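Q: Below: sequence and its predicted model.
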Amino acid sequence: MSGCEATALETNAEERARAGLKRGADTLDARGEADVLRRLNGGMFMVPRRLIAANAWLGHIPFAGWLVEVARPRILVELGVHRGASYFAFCQAVQESGVRAFCYGVDTWRGDKHAGEYGEDVYQDVVAYNARHYVDFSALLRCDFDEALAQFEDGTIDVLHIDGLHTYDAVRHDFLAWKRKLSPRGVVLFHDTVCRHLDFGVWRFWREISAEYPSFEFRHSYGLGVLLVGEEPASALAEIAACTEERRIHLDRLFAALGARIVALAEVAQREAEAAAAARRFEDAEEGRRLAQARCEALEASLQERTRRIAALQAEMAAAGEAASAASAAVAVAEREAALALVQERDAALAMCERALADVHRSHSWRITAPLRAASRWLRGLT
Ligand SMILES: C[S@@+](CC[C@H](N)C(=O)[O-])C[C@H]1O[C@@H](n2cnc3c(N)ncnc32)[C@H](O)[C@@H]1O
């Protein structure tokens with residue numbers, strides 16, 4: 001299924017859901033109970049752009065979208081932004097609804113003992129995202145919540161979301177410190193009102209404070225308390241706070257179902273991102289394999305060339321060896337023949353001498369001088 005088809009199906013599903021809810025609202029209206037359901041707005045069907053997987057706030061995004069359209073805040077403040085799952089949902093709702101609000105996100109972006117400590121990259125990412133999408137009406141204040149108080153006039157904040165450290169003392173402190181900043185229509189949201197593990201204490205503070213002001217609570221996604229602190233809350237909020245427990249359950253289920261859809265969308269997006277990352281890793285590995293194979297083939301070709309060259313050199317060496325031994329044999333033959341010729345030459349010279357000597361012995365003068373030579377020998381014998 002293509003992305004367009006998926007979007008079309010989603011839109012149809014949304015339209016069907018709206019039509020169904022509207023029919024339900026009309027039916028209830030006939031019984032005089034539909035005031036809340038008649039308050040349906042587009043904000044509750046908003047699909048967040050920034051889907052942070054496994055985030056505890058995801059399930060409340062439909063309510064955030066709905067609330068912005070209903071409360072129409074001029075100033076919205078969030079205490080505890082972290083990666084911006086809730087904060088950027090508020091910003092997107094402001095942008096898509098056209099409500100003229102200015103939003104402030106306050107955080108040290110250092111983390112706390114419940115959220116855990118995290119690195120500078122989280123802040124850089126949030127700043128970049130804010131600059132890309134919402135810089136016209138959203139400012140990030142990097143400081144302690146108490147330090148940020150001085151930035152706001154008393155009685156000016158219409159929506160305050162408290163989502164910092166979740167101990168009883170911290171949430172009580174944050175509420176009491178910021179209470180005077182709320183406008184007459186001011187509404188405060190508390191996240192994690194049903195969470196009881198470790199030293200989470202929002203549930204305990206919520207039990208106390210919700211007895212003092214009109215309020216209602218969603219129990220899905222770790223709980224979200226909605227406290228109407230101002231004396232002039234938006235009428236839809238006042239109606240919900242005043243309605244029966246039975247109808248509040250319906251409302252809870254409605255927003256829980258819409259929230260579950262956002263959680264599911266985030267899971268799908270995460271799976272898709274993981275699949276895309278796995279596909280990229282596979283592509284990289286495949287490319288690596290292709291390169292290694294090409295290198296192997298090149299090495300194989302080079303090896304064959306060397307083997308061929310070694311064989312050629314060996315053949316050349318063998319041929320050279322044969323030529324060398326043939327040459328040394330020829331030299332030996334020549335030397336022997338030269339020596340033989342020399343011997344023959346000497347033999348011939350000797351023979352010639354002997355012949356000459358014999359000729360001398362046979363000559364006439366030699367014979368005449370024979371007595372002289374004999375006398376000479378005799379005289380030498382006497383001396
Ligand atoms: C639970 S997280 C916020 C979750 C966020 N609303 C979301 O949608 O994911 C709490 C954040 O509050 C911040 N924080 C806690 N106490 C703070 C304080 N006193 N001043 C400033 N920031 C604080 C932490 O740094 C952390 O990022």
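A: Looks like it came in fine.
Q: Do a quick rundown of the helices in the stretch 201-350 of the chain.
A: 202-209, 235-242, 245-362 (DSSP state H, counting those that start in this stretch).
Q: Highest mean neighbour count out of those helices?
A: helix 202-209 (a mean of 19; mean count of other C-beta atoms under 10 Å). Where C-beta positions appear, they are placed from N, C-alpha and C, glycine not excepted.
Q: Give the other helices and strands that that one contacts.
A: helix 168-178, strand 182-191, strand 224-228 (3 or more C-beta pairs under 8 Å, 6 or more residues apart in numbering; DSSP states H and E).
Q: Name the residues that touch that helix?
A: With contact meaning C-beta atoms under 8 Å, 6 or more residues apart in numbering, helix 202-209 is reached by 166, 168, 171-172, 175, 190-196, 215, 217, 223, 225, 227.
Q: one more time with 6 Å, if that's ok
A: Residues outside helix 202-209 that contact it (C-beta atoms under 6 Å, 6 or more residues apart in numbering): 166, 168, 171-172, 190, 192-193, 196, 225.
Q: Just the pLDDT for residue 60.
A: Confidence at residue 60, expressed as pLDDT, is 98.
Q: try residue 38
A: 69.
Q: Over to residue 75?
A: At residue 75, pLDDT is 98.
Q: Next: residue 222.
A: 97.
Q: Settle this for me: it is touching residue 192, isn't it.
A: Yes. Using C-beta atoms under 6 Å, residue 222 is in contact with residue 192, at 4.8 Å.
Q: which of these two has more neighbours?
A: Legend: neighbour count by other C-beta atoms under 10 Å for residue 222 and residue 192, higher for residue 192 (24 against 19).
Q: For residue 172, list the residues it contacts.
A: So residue 172 contacts residue 205 (C-beta under 6 Å, 6+ apart).
Q: Next, format the helices and strands packed on helix 202-209 as JSON lines and append distance to residue 235.
A: Conversion of these to JSON lines gives the following (distance: least, C-beta to C-beta, whole Å):
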{"stretch": "helix 168-178", "distance to residue 235": "24"}
{"stretch": "strand 182-191", "distance to residue 235": "10"}
{"stretch": "strand 224-228", "distance to residue 235": "11"}
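Q: Nearest to residue 278 among those would be which one?
A: Between residue 278 and the helices and strands packed on helix 202-209, the shortest separation by C-beta to C-beta is 33.1 Å, and it involves strand 182-191.
Q: pLDDT below threshold where in this protein?
A: 1-38, 382-383 (pLDDT under 70).
Q: how does it divide into domains?
A: 35-243, 321-382 (automatic domain parsing).
Q: Can you say which of those is packed in most?
A: It is domain 35-243: most buried of the domains of the chain by mean count of other C-beta under 10 Å, with a mean of 19.
Q: Quick one: distance of that one to the chain centre.
A: Here domain 35-243 is found 30 Å from its chain centre; the criterion is C-alpha atoms, centre = their mean, to the nearest Å.
Q: Would you mind listing what in the stretch 151-300 of the chain touches the ligand?
A: 163-165 (C-beta under 6 Å from any ligand atom).
Q: let's see 8 Å
A: Those residues of the stretch 151-300 of the chain that sit near the ligand, judged by C-beta under 8 Å from any ligand atom, are 161, 163-166, 170, 174, 191-192.
Q: which among those residues gets closest to residue 349?
A: Using C-beta to C-beta, these come closest to residue 349 at residue 165, 129.7 Å.
Q: Distance of that closest one relative to residue 174?
A: Distance, residue 165 to residue 174, by C-beta to C-beta, to the nearest Å: 8 Å.
Q: Show the contacting residues for residue 201.
A: Contacts of residue 201 (C-beta under 6 Å, 6+ apart): 167-168.
Q: hmm, 10 Å instead?
A: Contacts of residue 201 were listed using C-beta atoms under 10 Å, 6 or more residues apart in numbering, and they are 165-172, 192, 195.
Q: quick one: the residue nearest the centre of the chain and the ligand, what's the gap?
A: When C-alpha atoms, centre = their mean is applied to the chain, the residue found nearest the centroid is residue 277 (7.7 Å). From residue 277 over to the ligand the distance is 23 Å, taken as C-beta to the nearest ligand atom, to the nearest Å.
Q: All set, thanks.
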